[in-house]
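Trainee: My questions are about this predicted structure, shown below with the sequence.
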Amino acid sequence: MANYSRKYSTAAGSIETVMRRRPQGARRIARRAAAALALAGMLAGPMAAAHADSRSFTLTAARKRVAIGAGMTYDAWTYDGEVPGPVMHVKQGEEVTIHLDNRTSEAHGIEVMAAQISPRHFSGDPTAAVDYSFKAGVPGVFDYHCSAIPVLDHVASGMYGMMIVEPSKGWPDGPAQELTLIQGEFYGKPNDKGFVTADHEAMLAAQPSFIVFNGAVSRFGASNPIEIKTGKLVRIFFVNAGPNLVSTFHISGVIFSTVYQSGNPADALRDVPSFSVAPGQGAVFEFTVSDPGDYRFSDTAGAHSYKGALGIIRASQ
Ligand SMILES: [Cu+2]
């Protein structure tokens, strides 16, 4: 095996071992605190926003070296310096304005898949401003991503995110513990310092080295799980950003009471143990657990979870 494999198979392939390690040291505690804050933001942030009948979002395209878990870093193309980009939350029927501030010398754009307008607005042309509006007519969970060519490289390098279009009458099953999961892929092998260089050939071959939730290997390991309460409905807003692989989402010990295809309540499936989400698609997963404990969520394709597409939801009373 290559050097990277010996060192970083711990990062991805043997993630379960990593998950079982006990937190130690201030750094780990700080990381845990940050994860908890991020989770708190995920749980409380979107719902806390007041809704007018129009929403405006300004994102900044920027290069940034980001941490992708297990001590690894990656020179990402980002929205707002984050991978994934920020979650945009709107209500069905609202007029949504998207502005992209591109401070790089490269072409970037943004296609929000909730938008039903000419793709010329999404740009990806370094000489053109990105500034467009659309009516969020269809509820659901939508991918957004860079529209600059090659789109493959821009998405694989981190330019993707989620827009939630909340149904005008709210979610049919009412309030829930809400969280967001965005699956993505990183292509390239880390050097001995853990720095991952983007590998275009691997992107073309659809062979990522790492498959992650919310931008990092082991983002939701046993030392920083997603915390939920038993007996209360959980609603996961899910996007598979790809750019290449289908994700078959499953939580061990759970049968989803409802899955909304594309996150649209009009397309509901009931009592589903796992559900496949293609690159660029979204879904809503709803479930309730009664038994406290750690529930492992994953992309059920074995190679995908081996490469990092798994995490822990911890249920307590
Ligand atoms: Cu881009």
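Mentor: Perfect, thanks for sending it.

Trainee: near the ion, which residues of the stretch 1-150 of the chain show up?
Mentor: Residues of the stretch 1-150 of the chain lying close to the ion (Cβ under 5 Å from the ion) are His108, Cys146, Ala148. Glycine gets a C-beta too; all of them are placed from N, C-alpha and C.

Trainee: Ala222 - that's part of a strand, no?
Mentor: No: assigned with DSSP: H, G, I helix; E, B strand; the rest coil, Ala222 falls outside any strand and is coil.

Trainee: Report pLDDT for it.
Mentor: We have a pLDDT of 94 for Ala222.

Trainee: which residues pair with the residue nearest to the spatial centre of the chain across the strands?
Mentor: Geometric centre of the chain, nearest residue: Ile182, 1.5 Å, by Cα atoms, centre = their mean. Beta bridges link Ile182 to Val239, judged by DSSP bridges.

Trainee: repeat for Phe249
Mentor: Taking DSSP bridges as the rule, Phe249 bridges to Phe275, Asp299.

Trainee: quick one: it and His304 touch, right?
Mentor: No: at 10.4 Å, Phe249 and His304 do not qualify as touching, with contact defined as Cβ atoms under 8 Å.

Trainee: Would you mind telling me which of these two has more residues around it?
Mentor: Legend: neighbour count by other Cβ atoms under 10 Å for Phe249 and His304, higher for Phe249 (24 against 20).

Trainee: Please enumerate the helices of the protein.
Mentor: Residue ranges of the helices in the chain, as given by DSSP state H, are 3-8, 15-20, 25-48, 151-156, 200-204, 302-306.

Trainee: quick one: contacts of the fifth one?
Mentor: Residues outside helix 200-204 that contact it (Cβ atoms under 8 Å, 6 or more residues apart in numbering): Leu152, Asp153, Ala156, Tyr187, Gly188, Pro208, Ser209, Pro243, Asn244.

Trainee: Which of those residues lies at the shortest distance from the ion?
Mentor: Minimum distance to the ion across those is 8.2 Å, recorded for Asp153 (Cβ to the ion).

Trainee: Next, count neighbours for the closest one.
Mentor: 18.

Trainee: which residues touch Ile226?
Mentor: Ile226 neighbours (Cβ under 8 Å, 6+ apart): Leu39, Leu179, Phe220, Gly311, Ile312, Ile313, Arg314.

Trainee: so it bridges to which residues?
Mentor: Beta-bridge partners, per DSSP bridges, of Ile226: Ile313.

Trainee: quick one: pLDDT of the residue lying closest to Phe297 once chain neighbours are set aside?
Mentor: The shortest distance from Phe297 to any non-neighbouring residue, by Cβ to Cβ, 6 or more residues apart in numbering, is to Ile251 (4.4 Å). For Ile251, the model assigns a pLDDT of 98.

Trainee: again with the one 10 residues further on
Mentor: Reading off the per-residue confidence, Gln261 sits at a pLDDT of 98.

Trainee: Contact distance from the ion - what residues of the stretch 151-300 of the chain qualify?
Mentor: So the stretch 151-300 of the chain meets the ion at His154, Met159 (Cβ under 5 Å from the ion).

Trainee: Where does the stretch 151-300 of the chain get nearest to the ion, which residue?
Mentor: His154 (3.5 Å).

Trainee: what's the neighbour count on that residue?
Mentor: Look at His154: counted by other Cβ under 10 Å, it has 23 neighbours.

Trainee: contacting residues around it?
Mentor: By Cβ under 8 Å, 6+ apart, the neighbours of His154 are Trp77, His108, His145, Cys146, Ser147, Ala148.

Trainee: With pLDDT as extra columns, can I get those residues in JSON lines?
Mentor: Shown next, in JSON lines, are the contacts of His154 (pLDDT from 0 to 100):
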{"residue": "Trp77", "pLDDT": "97"}
{"residue": "His108", "pLDDT": "97"}
{"residue": "His145", "pLDDT": "98"}
{"residue": "Cys146", "pLDDT": "98"}
{"residue": "Ser147", "pLDDT": "97"}
{"residue": "Ala148", "pLDDT": "96"}
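
Trainee: any chance of the residues you listed in TSV, plus distance to Asp192 and neighbour count?
Mentor: What follows is the contacts of His154, written out as TSV (distance: Cβ to Cβ, whole Å; neighbours: other Cβ atoms under 10 Å):
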residue	distance to Asp192	neighbour count
Trp77	24	23
His108	31	26
His145	32	27
Cys146	30	29
Ser147	36	24
Ala148	32	24
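
Trainee: I am finished for the moment; much appreciated.
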